[in-house]
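In: sequence and predicted structure are below.
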Amino acid sequence: MRQSRFGNCVHKNKYFNLIFILYLIITTNYAQAQFGGGSGEPSDPYLIYDPNQMNAIGADPNTWDKHFKLMADIDLSQFTGTEFNLIGIDWNSPFKGMFDGNGHTISSFNYSSTGINNIGLFSYVESESAVIKNTIMKAPNINAVQGFATGALVGAFNDGKILNCGIDGGTVSGHDGVGGLAGMVGWSGGYLINCYSSADIIGTGEYIGGLVGYCDIELFGEINNCFALGSVSGDRFVGGLFGFFAWGLLENSFARGSVFGNSDVGGLVGAGRSVQINHSFSTGAISGGNYVGGLIGSEFFGPIQGSGNFWDILTSGISTSVYGQGKTTIEMVTQSTFTNAGWDFVYESTNGSEDIWYICENNYPKLASHRLPGDLVCPDGVNVIDLMVMVDEWLNPNPMFNDFAPDGGDDFFDLIDFAVLSQNWLETGPTP
Ligand SMILES: [Ca+2]
Ligand SMILES: [Ca+2]
Ligand SMILES: [Ca+2]
């Protein structure tokens, strides 16, 4: 009896050990099985090939400090309502890893909710080392009826870097803190570099912006080489680029969308507080009640500083602003207006050789960082004039124009550049 009991116990132990080993095998492999490969480490990121693998990130909080790489264009249209697993939850459980879109697109991200905060493909991001990069979202459709922080890419972005990301068209609707790229950026810090949004923004409350609703990068960070094109409407603190902008640095950026609000309404920024803004402009039509400005609606308990900022007094319909200089449309499409204020353009060296801006006839300045590879010269877009320039420079060891392939260029125009130019043939890029 005793022996048999003892034997039973050994049996149970063996059984338990077997289960435990199986459990270990399953949990270690599970993270790999749900993605298309990789271990999540910086040198070996998890690979994402399809919508289900994309949706698996948000389902597993254990992966939120890992590295991811997109390997194909992803269509998320199969998810509606609250079906998609947003990545990150709140400051207790944020995404703090790295997501590299690898130049691919994520299209038709649909999400509608009633009454939770932090709505976005990435719900909540917070870590000095968090990075989201090289990702273009096409035609997202976000509808958050209540709550704070709604954006297509990120709901609340409290720290980290968003690099080379864009929102192409679509609509982002929400209550407070609504923007195309992110609902809110800051509190700790944040960098937005080479980012844009052309989504239309509809907010029913405060802090509504074309790129970011509420931007407050108190500790460190900056916004550089960014723009927004979508129309923006909200109640208070409504701006073409930012609804509210505090304690940060904004440079080389612009907003082109129309702006509508009741109070603190501006073409670029609804209200600014203790910020520095350099070499930026806005052109959108503006309508509003109190504290309305061509570039900036109001200065909110702290000075706005900087230099060389303009808005179009004709297209905006507004001739005053608490900050910035108003110009006519003719002046706004003339390069000297900007170079006289220190803006660094291509084909001039007085203001620097970074060559941040370019301008084509009868158009506003554009950012060179968003120019399509193959668009070598004016007019805007990739066409036969660009092709002729490239043919002229073919195999020239010291080309007068910058080549663009592979990976941004090797100082030599050859068939690789030709292939990229052909890919972008007759395209004009995200900026009108
Ligand atoms: Ca220059
Ligand atoms: Ca061109
Ligand atoms: Ca080349």
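Out: On my side now, so go ahead. Residues are numbered from 1 along each chain as shown. Ligands and ions are numbered 1, 2, ... in the order given.

In: interface residues of the protein facing ligand 2?
Out: Residues of the chain found near ligand 2 (C-beta under 5 Å from the ion) are 375, 386. The C-beta positions use only the backbone N, C-alpha and C, and glycine is treated the same way.

In: pLDDT weak spots in the chain?
Out: Flagging of the chain using pLDDT under 70 yields the residue ranges 1-32, 219.

In: give me the domain ranges for it.
Out: 37-332, 371-432 (automatic domain parsing).

In: shouldn't residue 429 be within a strand?
Out: No: assigned with DSSP: H, G, I helix; E, B strand; the rest coil, residue 429 falls outside any strand and is coil.

In: need the domains of the chain in CSV (columns: mean neighbour count).
Out: As requested, these are exported to CSV (neighbours: other C-beta atoms under 10 Å):
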stretch, mean neighbour count
domain 37-332, 23
domain 371-432, 16
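
In: those: which one's closest to residue 347?
Out: Ranking the domains of the chain by proximity to residue 347 (C-beta to C-beta) places domain 371-432 first, at 9.8 Å.

In: can you measure across the closest one, start residue to end residue?
Out: One end of domain 371-432 sits 11 Å from the other (C-alpha to C-alpha, to the nearest Å).

In: distance check, residue 112 against ligand 3.
Out: With distances taken as C-beta to the ion, to the nearest Å, residue 112 is found 45 Å from ligand 3.

In: do you know which of the domains of the chain lies nearest residue 354?
Out: For residue 354, the closest of the domains of the chain is domain 37-332, at 9.3 Å, according to C-beta to C-beta.

In: is ligand 1 within reach of that closest one?
Out: No: Domain 37-332 is not in contact with ligand 1 by C-beta under 5 Å from the ion; minimum separation 12.3 Å.

In: and that domain, how far out from the chain's middle?
Out: 6 Å (C-alpha atoms, centre = their mean, to the nearest Å).

In: same deal with stretch 401-416?
Out: Chain-centre distance of stretch 401-416: 26 Å, with C-alpha atoms, centre = their mean.

In: just stretch 336-343 next, same as before
Out: That offset, for stretch 336-343, works out to 27 Å (C-alpha atoms, centre = their mean).

In: buried sites along it?
Out: Buried residues in stretch 336-343, counted by 16 or more other C-beta atoms under 10 Å: 337-339, 343.

In: can you flag which of the residues you listed belong to strands?
Out: Among the buried residues of stretch 336-343, DSSP state E puts none in strands.

In: list just the nearest of those to ligand 3.
Out: Nearest to ligand 3, judged by C-beta to the ion, of the buried residues of stretch 336-343 is residue 343 at 28.1 Å.

In: let me see the contact set for the closest one.
Out: Taking C-beta atoms under 8 Å, 6 or more residues apart in numbering, we find residue 343 in contact with 279, 308, 351, 356-357, 365.

In: ok, so of these, who is nearest residue 377?
Out: residue 357 (14.8 Å).

In: tell me what that closest one is bridged to.
Out: On the basis of DSSP bridges, residue 357 is bridged to residue 345, residue 367.

In: what do you get for residue 112?
Out: With DSSP bridges as the rule, residue 112 is bridged to residue 143.

In: ok, residue 364 - how many residues close by?
Out: Residues lying near residue 364 (other C-beta atoms under 10 Å) number 21.

In: do you know how far residue 87 is from residue 103?
Out: 20 Å (C-beta to C-beta, to the nearest Å).

In: hmm, back to that, as a markdown table, the buried residues of stretch 336-343 with distance to ligand 1 would be great.
Out: Below are the buried residues of stretch 336-343 laid out as a markdown table (distance: C-beta to the ion, whole Å):
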| residue | distance to ligand 1 |
| --- | --- |
| 337 | 16 |
| 338 | 11 |
| 339 | 9 |
| 343 | 9 |
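
In: helix/strand/coil for the closest residue to ligand 3 within the chain?
Out: Residue of the chain nearest ligand 3, by C-beta to the ion: residue 403 (3.8 Å). Taking three-state DSSP as the rule, one finds residue 403 in the coil state.
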